[in-house]
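Asker: Prediction below, plus the sequence it came from.
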Amino acid sequence: MRAVRRTLGAVTLIAILLAGALLLYAAARKRPQDMPWTKLDLSQPVGLFTGRKLTALTSDFPACRGLLDRAGVRFESLPPVSDGQCGYADAVRLADGGARSIDLIPQRVGMACPVAAALMLWEWQVLQPAARRHFGPGVRVSRIDHFGSYSCRRMYGRSEGAFSEHSTADALDVAGFVLSDGTSIRLVNDWQDDGAKGAFLREVRDGACDLFATVLSPDYNAAHADHFHLDQAERGAMGWRACR
């Protein structure tokens, strides 16, 4: 019993020390989202636990809608869809205006609410700062070109195997961007670029990894040579996350 008590005491001490270290780290960075127990707030800087909190919204549609509302994001909730092993009950369609300034082309795409919430943070805290950094202080991203969200299919379009996150609208495939000065950036053409376009694409890919459960880019495989795959796959509270 003494050995058990000593072990429990050591574990408790380690947990306290880790919590204290996290508190000090969060205080130094002034990022509440570095803490696992703080409420998610889309107005706060991205922290260590922002991505996991966004993914957790998959099981709490009202909380996700509330986050979008409080952040000034205009959207409409979509009716549930049931299509065999596919479908969704938490999809939204982002509307023009409000806190959102980037157009999605094709328009009127529906996506799971946690994907939409992460997309907004990606716009505010990754895409726009990266555009200014690489293309000039007056330049912003004005458009995201995408290949869609909901699609009732298995991974890679196979006839058997696991269903894709697209089958629940829990993913979005991003093909490129258009900037406010008219510059077009396409993954299929510019991923290998040695200049500003390539640097921009890599920076926004890395930033997406802090917000989405899965980010797959042309570095992953040939199937993703022309797009970023962004999803909020649920893999448990401490499940693995993919950034390639």
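Answerer: Cool, got the structure. Please read all numbers here as calculations on a predicted model, not as lab measurements.
Asker: Which parts of this structure belong to which domain?
Answerer: 1-30, 41-243 (automatic domain parsing).
Asker: which one of those has the lowest average pLDDT?
Answerer: Lowest mean pLDDT within the domains of the chain: domain 1-30, at a mean of 52.
Asker: Pick the most deeply packed of the domains of the chain.
Answerer: domain 41-243 (a mean of 18; mean count of other Cβ atoms under 10 Å). From N, CA and C alone the C-beta is placed, and that goes for glycine too.
Asker: Give me the distance between the two termini of it.
Answerer: For domain 41-243, the first and last residues are 23 Å from each other (Cα to Cα, to the nearest Å).
Asker: Spatially nearest residue to the residue nearest the centre of the chain, not counting backbone neighbours?
Answerer: The centre of the chain sits closest to Phe212, judged by Cα atoms, centre = their mean, with a distance of 3.1 Å. Spatial nearest neighbour of Phe212, chain neighbours left out: Leu230 (4.6 Å); criterion: Cβ to Cβ, 6 or more residues apart in numbering.
Asker: Show me where this protein has its helices.
Answerer: 2-29, 50-56, 61-70, 113-122, 128-135, 187-190, 196-208 (DSSP state H).
Asker: elements contacting the fifth one?
Answerer: This points to helix 128-135. The contact analysis (3 or more Cβ pairs under 8 Å, 6 or more residues apart in numbering; DSSP states H and E) places helix 128-135 against helix 196-208.
Asker: what comes into contact with the helix it packs on?
Answerer: Residues outside helix 196-208 that contact it (Cβ atoms under 8 Å, 6 or more residues apart in numbering): 46, 118, 122, 125-127, 130-131, 133-135, 183, 185, 187, 190-193, 215, 217, 228, 230, 243.
Asker: Now it - C-alpha only, CSV.
Answerer: In CSV, the C-alpha atoms belonging to helix 196-208 read as follows (Å, rounded to 0.1, in the frame of the first residue of the first chain):
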residue,chain,number,x,y,z
ALA,A,196,6.1,34.4,-52.2
LYS,A,197,3.4,32.1,-53.4
GLY,A,198,5.1,28.9,-52.2
ALA,A,199,6.0,30.5,-48.9
PHE,A,200,2.4,31.7,-48.4
LEU,A,201,1.0,28.2,-49.1
ARG,A,202,3.3,26.5,-46.7
GLU,A,203,2.6,29.0,-44.0
VAL,A,204,-1.2,28.7,-44.3
ARG,A,205,-0.9,24.9,-44.4
ASP,A,206,1.1,25.0,-41.1
GLY,A,207,-1.4,27.4,-39.6
ALA,A,208,-4.3,25.1,-40.5
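Asker: the inter-axis angle of that helix versus helix 113-122?
Answerer: If you take axes from the mean of the first three to the mean of the last three Cα atoms, to 10 degrees, helix 196-208 sits at 130 degrees to helix 113-122.
Asker: what angle do helix 196-208 and helix 128-135 make?
Answerer: 160 degrees.
Asker: how far is helix 196-208 from where the chain is centred?
Answerer: 14 Å (Cα atoms, centre = their mean, to the nearest Å).
Asker: Contacts only, for the residue lying closest to Met120 once chain neighbours are set aside.
Answerer: Distances taken as Cβ to Cβ, 6+ apart place Val73 nearest to Met120, at 5.6 Å, with adjacent residues excluded. Contacts for Val73 were tallied using Cβ under 8 Å, 6+ apart; they are 42, 94, 98-100, 116, 120.
Asker: Could you rerun that using 7 Å?
Answerer: 94, 98-100, 120 (Cβ atoms under 7 Å, 6 or more residues apart in numbering).
Asker: ok, now Ile144?
Answerer: Counted by Cβ under 7 Å, 6+ apart, Ile144 has contacts 102, 104, 174, 177.
Asker: Run through the bridge partners of the second one.
Answerer: Applying DSSP bridges to Leu104 gives these bridge partners: Ile144.
Asker: From Phe49, how far out is it?
Answerer: Per Cβ to Cβ, to the nearest Å, Leu104 is found 27 Å from Phe49.
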